[in-house]
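*Asks:* just to be clear, the model below is a prediction. Sequence and coordinates:
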Amino acid sequence: MKNYTSIKDISSLSDIIKEAILIKMNPFEYSELGKNKTLVMLFFNSSLRTRLSTEKAAKNLGMNVMILNIDKAWNLEFEDGAIMNMSTSEHIKEAAKVISQYADIIAVRAFPSLVDKAKDELEIILNSFRSYATVPIINMESSTAHPLQALADAMTISELSKKKTQKVVLSWAPHPKALPHAVANSFVTMIQQLGVNFEITHPEGYELNPEITKNTRINYNQEAALKDADFVYVKNWSSYKDYGKVLIENPKWMMTKAKLGNAKFMHCLPVRRNVVVEDAVLDSEQSVVIEQANNRTFAAQVVLKRILENL
Amino acid sequence: MKNYTSIKDISSLSDIIKEAILIKMNPFEYSELGKNKTLVMLFFNSSLRTRLSTEKAAKNLGMNVMILNIDKAWNLEFEDGAIMNMSTSEHIKEAAKVISQYADIIAVRAFPSLVDKAKDELEIILNSFRSYATVPIINMESSTAHPLQALADAMTISELSKKKTQKVVLSWAPHPKALPHAVANSFVTMIQQLGVNFEITHPEGYELNPEITKNTRINYNQEAALKDADFVYVKNWSSYKDYGKVLIENPKWMMTKAKLGNAKFMHCLPVRRNVVVEDAVLDSEQSVVIEQANNRTFAAQVVLKRILENL
Amino acid sequence: MKNYTSIKDISSLSDIIKEAILIKMNPFEYSELGKNKTLVMLFFNSSLRTRLSTEKAAKNLGMNVMILNIDKAWNLEFEDGAIMNMSTSEHIKEAAKVISQYADIIAVRAFPSLVDKAKDELEIILNSFRSYATVPIINMESSTAHPLQALADAMTISELSKKKTQKVVLSWAPHPKALPHAVANSFVTMIQQLGVNFEITHPEGYELNPEITKNTRINYNQEAALKDADFVYVKNWSSYKDYGKVLIENPKWMMTKAKLGNAKFMHCLPVRRNVVVEDAVLDSEQSVVIEQANNRTFAAQVVLKRILENL
């Protein structure tokens, strides 16, 4: 693996899931692989799970980790040919090349504006690092993708699948704030390769990018979609068409024990209790959110391992 | 040791002091004990000594350390059954369980409001981590206790004691800001077990929680209290009765060389010079504040060692 | 080496350059030297290159690294005898001695005010750490000096020198903000020892501290100065005479491909493109700014190595 900026960087999803599960069984087996190798983690946005799990994964492999929070003190310029006489003090061309001098792998988190769709979809920060860095890049959640989360989710579904063909439903949930599409996008892209029976349910107007959902079944009737589901992945996102807008906050879309049936409940976290999902679900045995969070370590670790092996 | 959230988690104070002093003599003896173990340090408030000494202690034991400053970007919900449609974005139930996936031990710092006594005494943050985390918890200073400081103080007194029965005085000092009771509380709880001659002196109205001081002698006459003292621990705290209020700033309570006599001067630091204590004391051989700070490392290390041995 | 706060702490520049280049060829050769040793890095100002390169250098030597950003929460008092009843909460006397308990080496970054020349030149923060810390101090850029940058620059010039006597020019550049003199000062002090043909060019009024430039040739005619240069170090600084002021922003002082001739282009970064230097220079083979940034690691590493050997 050269970079991991999208689910599409995985050549075989089933192979990488198997390898991640092996790593989980013996997380310190490759603790010499990362010796004298450095992961630099760059956060343009704050992080809990991604930060801790990725740092832990790197250390499990024996890597050194250096973390930099990119705050207002460090305004990067991304435009080619810019005359930098305003607020930006360093061009990404220098920044990416310089950080590459200190890193064997660079991991980047950079959220979307949710204001300018075209600009967000250009993934300027992530792609600029891919263009100008001279070392591999890992996406720790960008404007449109969160492939480390999706890989952890794939592991979790694989580990917990009891029958051959699973029914997996991605169910939109209400949320008071406008949230990105990254988690939903990568989940959809991942699940399309997993060979399951997959359906998305959300209110009209919340259609995800059709270039990502492609011919995935979309059902505006949540109850019908959830019928006989084995895994229900609940997630809010803001409107894609009416970009970044919160169109409705209808509490009837909240996930409940009654709606869930016998399915496993999945969520990437953080989750707002009794808004996105009721307590009864999260506090039940059907919730696998903590296991998803645990798998974040091993998803990051298999990605780092493959990149290290390819250095 | 399962957790270290209070001095009361120590089964034998004299035993742990002896062990801490042995560790100080040979700090890298157990550098394999923490191999492949991770300490996650969570700071809801800023920290200098506690942060550096605890991180150093963990690394002396061979542990990995991951540090997270909890800022406004990450508003935790602590109330059971809350409908999280306002500012809180993650419930402590998930947060504690998730961080437990990445940590073998979690250390938490969370100061009091000094506004709502009842709420502060519930120690909501610390106790929520104890309730929901699935790994041991260390208190790096909570609303009402600072047991790592008190253990370092106990070491310092033990190391410097020349006669069998020491007279130790806790002497209140003026300070322009309202400060917590945590250091004083844990010092009192610790000293009650140390078998010394102990007295507290402060102006009327500054009585600490009587459930903590119990039958400890309280003397409103500082001069009388300090007579023949071997160790004088100076510390400001705000009023407990008139909760969180600065009742007086009377400079006559400042510690001076004249008042100190031949006693050793102790303070947890940071200390405001010439407000809490005059320069002549801090710059004299009688001050042991730097040794106290040094012992913070070994207090943390003995606690981590005992918890690691119990994992 | 006892401390590294100035270029003058180097006994032989040519020897340390040779050693740094050897380290660069085999950066992990001394990975046992720093075992169980701790570098504490203190940032009063933000940092990208210095932070990552110094942390990496320390880890290449097997050291532990602990990083503390000194923000508003931690107001240090530097004045002797101060009555600390205002905003400062800890005196440097305690802070430096305390941090020395947790560190084998302390590295400090503290920028100038650019308002009060006399105060800036006292280097209060750096010198207070030198006075009160009980372990060696490394300067990660102070009010008036940036010796780690200058050492990396010396390495870069040595590595790329093709003839015996090089002509090196330090060329002032325009910049919208008032910048410190530290980089220029240390570059001048270093280059005076390097045995090259050296000249400084800048507009009138931008003379650096004459106690630093001494008898170095100063040329107000940029074109004449650049003639036949082998290395051109471009850097903005604010006025020294009219302290901290931006006197002119004349774009004709910007470095261009045409002016540069066949010389190598050097800059400490971050650099404002098309203000300090045009794209055509930075994007050409003549620019060695990335190599300078790379050498920051080995400059820091040779300094840490020498201090560790002297502990």
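*Replies:* Done, it's in. These numbers were taken from a predicted model, which means no experiment stands behind them. Residues are numbered from 1 along each chain as shown, chains lettered A, B, ... in the order given.
*Asks:* show me the contacts for residue A:189.
*Replies:* Residues near residue A:189 by CB atoms under 8 Å, 6 or more residues apart in numbering or on different chains: A:6, A:7, A:8, A:145, A:150, A:212. Just so you know, the C-beta spots here come from the backbone N, C-alpha and C atoms, and that holds for glycine as well.
*Asks:* in helices, which of those residues fall?
*Replies:* A:150, A:212 (DSSP state H).
*Asks:* who wins on neighbours among the contacts of residue A:189?
*Replies:* Each of those was scored for neighbours by other CB atoms under 10 Å in any protein chain shown, and residue A:150 scores highest at 26 neighbours.
*Asks:* follow-up on the earlier one: export the contacts of residue A:189 as TSV, with columns for pLDDT and distance to residue A:297.
*Replies:* Shown next, in TSV, are these (pLDDT from 0 to 100; distance: CB to CB, whole Å):
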residue	pLDDT	distance to residue A:297
A:6	98	20
A:7	97	18
A:8	97	23
A:145	98	20
A:150	98	15
A:212	98	26
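*Asks:* would you reformat the contacts of residue A:189 as TSV and include distance to chain B?
*Replies:* Shown next, in TSV, are these (distance: CB to the nearest CB, whole Å):
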residue	distance to chain B
A:6	25
A:7	23
A:8	27
A:145	21
A:150	18
A:212	25
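*Asks:* ok, and which of the contacts of residue A:189 reach chain C?
*Replies:* Taking CB under 8 Å from any CB of the partner chain as the test, chain C is in contact with none of the contacts of residue A:189.
*Asks:* which among the contacts of residue A:189 gets closest to residue A:43?
*Replies:* Distance to residue A:43 across the contacts of residue A:189 (CB to CB) is lowest for residue A:145, with 16.4 Å.
*Asks:* quick check on that closest one: phi, psi?
*Replies:* Backbone torsions for residue A:145, taken as degrees, to the nearest 10, come to phi -150, psi 150.
*Asks:* ok, now which ones touch it?
*Replies:* Going by CB under 8 Å, 6+ apart, residue A:145 touches A:5, A:6, A:7, A:123, A:139, A:182, A:185, A:186, A:189.
*Asks:* just give the nearest non-adjacent residue to the third one, would you?
*Replies:* Nearest in space to residue A:7, with sequence neighbours left out and distances taken as CB to CB, 6 or more residues apart in numbering or on different chains, is residue A:189 at 4.5 Å.
*Asks:* state the pLDDT value of that neighbour.
*Replies:* Residue A:189 is assigned 98 on the pLDDT scale.
*Asks:* now, which of the contacts of residue A:145 lie within strands?
*Replies:* Within the contacts of residue A:145, residues falling in strands by DSSP state E are residue A:139.
*Asks:* can you redo the contacts of residue A:145 as a markdown table with distance to residue A:46?
*Replies:* Below are the contacts of residue A:145 laid out as a markdown table (distance: CB to CB, whole Å):
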| residue | distance to residue A:46 |
| --- | --- |
| A:5 | 20 |
| A:6 | 22 |
| A:7 | 24 |
| A:123 | 19 |
| A:139 | 16 |
| A:182 | 15 |
| A:185 | 21 |
| A:186 | 19 |
| A:189 | 25 |
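*Asks:* test my guess that residue A:249 contacts residue A:173.
*Replies:* No - counting by CB atoms under 8 Å, residue A:249 does not reach residue A:173; the two are 10.1 Å apart.
*Asks:* looking at the two, which is more packed in?
*Replies:* residue A:173 (22 against 13).
*Asks:* give me the nearest residue to that one, chain neighbours excluded.
*Replies:* Closest residue to residue A:173 apart from its sequence neighbours, by CB to CB, 6+ apart: residue A:276 at 4.2 Å.
*Asks:* and the gap between the most centrally placed residue in chain A and residue A:111?
*Replies:* The centroid of chain A falls nearest to residue A:146 when counting by CA atoms, centre = their mean (2.2 Å). Residue A:146 is 10 Å from residue A:111, where distance means CB to CB, to the nearest Å.
*Asks:* overlap in contacts, those two.
*Replies:* Common neighbours of residue A:146 and residue A:111, using CB under 8 Å, 6+ apart, are residue A:182.
*Asks:* near chain C, which residues of chain A?
*Replies:* By CB under 8 Å from any CB, the residues of chain A that approach chain C are A:36, A:38, A:40, A:64, A:66, A:68, A:71, A:73-74, A:77, A:81-86, A:88-91, A:93-95, A:97-99, A:101-103.
*Asks:* of those, buried ones?
*Replies:* A:38, A:40, A:64, A:66, A:68, A:74, A:77, A:82, A:84-85, A:88-91, A:93-95, A:97-99, A:101-103 (16 or more other CB atoms under 10 Å in any protein chain shown).
*Asks:* circling back to that earlier point, how much space separates the residue nearest to residue A:7 from residue C:242?
*Replies:* Counting by CB to CB - residue A:189 and residue C:242 are separated by 59 Å.
*Asks:* now do the residue of chain A most remote from its centre, the pLDDT please.
*Replies:* Computed with CA atoms, centre = their mean, the residue of chain A farthest from its C-alpha average is residue A:85, at 35.7 Å. Looking at residue A:85, its pLDDT reads 92.
*Asks:* residue C:254 is in contact with that one, correct?
*Replies:* No - counting by CB under 8 Å, residue A:85 sits too far from residue C:254 to count as a contact (10.5 Å).
*Asks:* list residues touching both of these two?
*Replies:* Between them, residue A:85 and residue C:254 share these contacting residues under CB under 8 Å, 6+ apart: residue C:275.
*Asks:* ok, back up a step: how about the residue nearest to the centre of chain A: what's its closest non-neighbour residue?
*Replies:* Nearest non-adjacent residue to residue A:146 (CB to CB, 6+ apart): residue A:182, at 4.3 Å.
*Asks:* nearest to chain C among the contacts of residue A:145?
*Replies:* Distances from chain C to those, taken as CB to the nearest CB, are shortest for residue A:139 (20.3 Å).
*Asks:* my guess is the closest one contacts residue A:7. True?
*Replies:* No - judged on CB under 8 Å, residue A:139 makes no contact with residue A:7 at a distance of 9.9 Å.
*Asks:* now do the shared contacts for those two.
*Replies:* Counting by CB under 8 Å, 6+ apart, the contacts common to residue A:139 and residue A:7 are A:145, A:147.
*Asks:* still on that earlier bit, run a quick neighbour tally on the residue nearest to residue A:173.
*Replies:* Neighbours of residue A:276 (other CB under 10 Å): 24.
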